[in-house]
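Trainee: Structure for this input, please:
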Amino acid sequence: MRQDTDRPIVLVTRKTRLEELIVRYNTLEQVRFYITHMGGDFADYEAEHACYREAVTKAQRTLEGLGHLQVVDRSFVPNFIFAPQAVVVAVGQDGLVANTLKYLDGQPLIGVNPDPGRWDGILLPFRTETLARLLPAVLAGQRPWREVTLAEVRLNDGQVLYGVNDLFIGQRTHVSARYEIALGTQREQQSSSGIIVSTGLGSTGWLRSIVTGAAAIAGTAPAEAMVHGAAWDAEQLWYTVREPFPSRTTGTSLVFGTIRGDAVLRLRSLMPENGVIFSDGMENDFLTFNAGAEATIRLAKKKGYLVV
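Mentor: Model (predicted):
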């Protein structure tokens, strides 16, 4: 029976590997030929697709009975307008949850694991079978949530991008990024493989990989926060410069540190082309960061809210 509520519910989905390959190769049979020819297990692709589509169908049927439902594919999320009072449900891997959360502004987000035997995401605590009991509690404000600190990057032309796990600033291709970096009273030009700015939630991801590798080269132990991870609501960001190159014109003084409180990390691009800023691994959703562009990176004022 339909609940007495008009509160909007947004179901965010994604394409499966099989669906993405069909877009590329046009037909299912061509995809089958490609995968088997390359020595892959086509049955695994089919099983993953069937499991995910079944989970989405179950979620959609449940949610239709609880409120006004809209279903949005991941590719449309950056331009989708979420109603302030909406409850958002993402069915997919951790990446889908993170890439949905950064486009929200206070709306609670529920991460649903469509295939626990395949995925073990920390942002996917729920199953489709729990939605019938979970949603009414969320709609009534009777369900706890965890606050998540976000990173914000703002360009001098007004464009803004948020990061749930991390931001990347550098070259689109595998060549050196050139830029000027400033934090507080320190300033220098650098040449590197790019800069990573991580949140507490992202501290066990890309950032930990970089710090662990650097610590191994130096023969030291990585920082405690990088080993076990920082709190999701930690009021600070970590920045690290990948492979900084020292020269007569480029420095290596500002290669690792934190951004706290009202502090701002400032970057000015010295790259004639292919400079980019993207967040949470979504390379196709980026800001252009070429010569003349200036970026300010700080703690975002808005927070993310994950239902637990």
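Trainee: CA only for contacts and neighbour counts going forward, please
Mentor: Fine.
Trainee: Do you have the strands of the stretch 51-200 of the chain handy? List them.
Mentor: Ranges of strands in the stretch 51-200 of the chain, per DSSP state E, counting those that start in this stretch, are 68-73, 87-91, 108-112, 145-155, 160-163, 166-171, 177-183, 186-192, 195-198.
Trainee: any residues touching the last one, and which ones?
Mentor: Taking CA atoms under 8 Å, 6 or more residues apart in numbering as the criterion, the residues outside strand 195-198 that touch it are 151, 163, 165-170, 206-207, 237-242.
Trainee: hmm, back to that, export the strands of the stretch 51-200 of the chain to CSV and tack on mean neighbour count, mean pLDDT and distance to Thr258?
Mentor: Formatted as CSV, the strands of the stretch 51-200 of the chain follow (neighbours: other CA atoms under 10 Å; pLDDT from 0 to 100; distance: least, CA to CA, whole Å):
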stretch, mean neighbour count, mean pLDDT, distance to Thr258
strand 68-73, 16, 96, 35
strand 87-91, 26, 98, 31
strand 108-112, 26, 98, 28
strand 145-155, 22, 97, 12
strand 160-163, 21, 97, 16
strand 166-171, 26, 97, 13
strand 177-183, 20, 98, 10
strand 186-192, 19, 97, 14
strand 195-198, 26, 96, 9
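Trainee: if I look at Thr36, how far off is Val211?
Mentor: Separation of Thr36 from Val211 (CA to CA, to the nearest Å): 39 Å.
Trainee: Let me see the contact set for Pro136.
Mentor: Pro136 makes contact with Leu66, according to CA under 8 Å, 6+ apart.
Trainee: Report the secondary structure state of Glu306.
Mentor: To be clear, residue 306 is Leu; Glu isn't right here. When classified by DSSP: H, G, I helix; E, B strand; the rest coil, Leu306 comes out as strand.
Trainee: going forward can the numbers begin at 586, since that is how I track them
Mentor: I'll keep to 586 as the first residue from here, and by that count the last item is Leu891.
Trainee: Bridge partners for it, pull those for me.
Mentor: As for beta bridges, Leu891 partners with Leu694, Arg731 under DSSP bridges.
Trainee: where's the closest residue to Phe841 other than its chain neighbours relative to Thr784, distance?
Mentor: Distances taken as CA to CA, 6 or more residues apart in numbering put Thr825 closest to Phe841, at 4.4 Å, once the chain neighbours are dropped. Distance, Thr825 to Thr784, using CA to CA: 12 Å.
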